[in-house]
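Q: Quick one, what's the 3D model for this:
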Amino acid sequence: MKLLYIFKDKKIFFFQFFFVVYIGVNLIGGERGLISYFEKKTHENKLSIRHSKIQKELVLIEKRNTLLSQSINLDYLDRLYRQKLKFGKKEEIIIKLK
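A: Got it, this is the predicted structure:
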């Protein structure tokens with residue numbers, strides 16, 4: 001019975017205490033908490049690095065595409081078929097480095 005009277009007399013204190021604990025737990029953990037924020041921040045950094053790599057590859061591919069499509073660059077075309085088909089002239093010696 002004494003315990004019941006203590007809860008009745010100090011119910012505002014207990015309410016405040018549990019409210020502060022609830023807010024604290026959700027601030028640290030939870031879906032919108034501090035830990036989740038840092039996890040999302042590292043994921044964002046990884047994605048931005050990946051995005052920059054993909055952008056560089058896209059620029060390179062677009063450059064190669066313009067060399068072959070708008071006005072055919074014979075030097076680039078010569079280098080391509082020598083690399084891909086291992087083609088050379090009779091006087092040339094082909095050395096594979098890789």
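
Q: Return the distance of stretch 41-55 from the chain's centre.
A: 3 Å (C-alpha atoms, centre = their mean, to the nearest Å).

Q: same question, stretch 65-85
A: From the chain centre to the centre of stretch 65-85 is a distance of 33 Å (C-alpha atoms, centre = their mean).

Q: swap in stretch 55-72?
A: For stretch 55-72, the distance to the chain centre is 25 Å (C-alpha atoms, centre = their mean).

Q: average model confidence for that stretch?
A: The pLDDT scores in stretch 55-72 average 86.

Q: can you check stretch 11-27 too?
A: 87.

Q: How far off centre is that stretch?
A: Distance of stretch 11-27 from the chain centroid (C-alpha atoms, centre = their mean) equals 37 Å.

Q: For residue 63, which residues are in contact?
A: Contact analysis of residue 63 by C-beta atoms under 8 Å, 6 or more residues apart in numbering lists nothing. To be clear about C-beta, it is placed using only N, CA and C from the backbone, and glycine gets the same treatment.

Q: any idea how far it is from residue 80?
A: Relative to residue 80, residue 63 is positioned 13 Å away (C-beta to C-beta, to the nearest Å).

Q: Sticking with residue 27, tell me its helix or strand.
A: Under the criterion of DSSP states H and E, residue 27 resides in helix 11-28.

Q: Quick one: distance of that helix to the chain centre.
A: With C-alpha atoms, centre = their mean as the basis, the mean position of helix 11-28 lies at 36 Å from the chain mean.
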